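>>> sequence first, then the predicted structure, then my questions.
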Amino acid sequence: KQVAHEIKNPLTPMRLTAQSFQRKFNPEDPNVKQKLDDFIHTLIQQIDTMSSVASAFSNFASMPAQQNETLNVVEVVGLALEIFNENFIEFKSHEKEIITVMDRAQLIRVITNLVKNAIQAIPEDNPDPKVEVQIDKQENEIVIAVKDNGTGISIEDKSRIFEPKFTTKTSGMGLGLGIIKNIVESYKGTIRFETEIGKGTTFYVSFPVYE
């Protein structure tokens with residue numbers, strides 16, 4: 001049902017655009033080249049949307065095979081954070097090195113999704129935005145915490161937060177947290193969160209250390 005709904009969304013503007021073009025098309029129009037370009041551009045945009053929907057659901061249904069390697073989690077998380085331009089992201093680790101065996105790309109995906117969600121949870125009018133990423137090793141577990149001082153998660157949204165397509169954002173397909181949960185659980189890990197309306201949210205990801 002979800003896939004059908006997401007794919008039907010772009011079909012309506014595609015149909016209306018095609019009908020309008022068919023009705024108004026005049027090969028003698030001096031602007032015919034521009035109008036044809038606009039028509040094709042609109043269709044391509046909608047086709048790309050459908051393609052990304054299909055890819056997202058396909059990725060969710062079948063995670064790529066793990067390419068596990070021995071890596072330093074502290075280093076990989078630090079590198080993952082370098083893609084963000086926001087200067088209010090703070091990275092803390094009590095250890096310089098936490099070695100485990102896992103898929104580098106999937107670890108980066110977990111971090112970037114959590115940090116992206118944290119940034120988007122902070123209203124633009126917040127005078128002092130903060131996102132903290134902290135790593136700890138507790139006995140035989142790696143714990144990664146991503147904390148924001150955003151709007152918090154409402155009671156009605158709490159139970160749905162890890163659903164594949166759930167999102168409170170107006171754009172995007174809301175696959176992020178569902179995919180993260182999939183990745184974390186594939187390593188026998190857990191993901192949970194604490195939240196307070198108007199104060200912010202902290203996501204905690206725990207993985208066993210694999211050697």
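Arrived safely. Numbers count the residues shown, from 1 in each chain.
>>> show the pLDDT at the residue sitting nearest the centre point of the chain.
Residue closest to the mean C-alpha point of the chain, counted by C-alpha atoms, centre = their mean, is G176 at 3.6 Å. At G176, the pLDDT value in this model is 72.
>>> give me the distance between the residue found closest to it once you drop the neighbours it is linked to in the chain and I191.
Of all residues not flanking G176 in the chain, N113 sits nearest, at 4.4 Å (C-beta to C-beta, 6 or more residues apart in numbering). From N, CA and C alone the C-beta is placed, and that goes for glycine too. From N113 over to I191 the distance is 11 Å, taken as C-beta to C-beta, to the nearest Å.
>>> overlap in contacts of these two?
Residues touching both N113 and I191 by C-beta atoms under 8 Å, 6 or more residues apart in numbering: I180.
>>> tell me where the model's unsure across this structure.
For the chain, the stretches with pLDDT under 70 are 1-3, 5-6, 56-65, 164-175.
>>> longest helix in it, please.
When the chain is parsed with DSSP state H, its longest helix is helix 32-61.
>>> what does the next helix or strand after it rub up against?
Tracing the chain past helix 32-61, the next element assigned as helix or strand by DSSP states H and E is strand 68-72. Outside strand 68-72, the residues within contact range by C-beta under 8 Å, 6+ apart are E97, I98, I99, T100, V101, M102, D103, R104, L107, Y210.
>>> for burial, what's the neighbour tally of A118?
When neighbours are counted by other C-beta atoms under 10 Å, A118 registers 25.
>>> my guess is it is in a helix, correct?
Yes: counting by DSSP: H, G, I helix; E, B strand; the rest coil, A118 falls inside a helix.
>>> from memory it sits against D148, does it?
Yes: using C-beta atoms under 8 Å, A118 is in contact with D148, at 3.8 Å.
>>> any idea how far R15 is from the residue located most distally from the centre of the chain?
In the chain, counting by C-alpha atoms, centre = their mean, E28 sits farthest out from the average C-alpha position, at 47.1 Å. E28 is 26 Å from R15, where distance means C-beta to C-beta.
>>> next one: N113
34 Å.
>>> with N31 instead?
The separation that N31 has from R15, given C-beta to C-beta, amounts to 23 Å.
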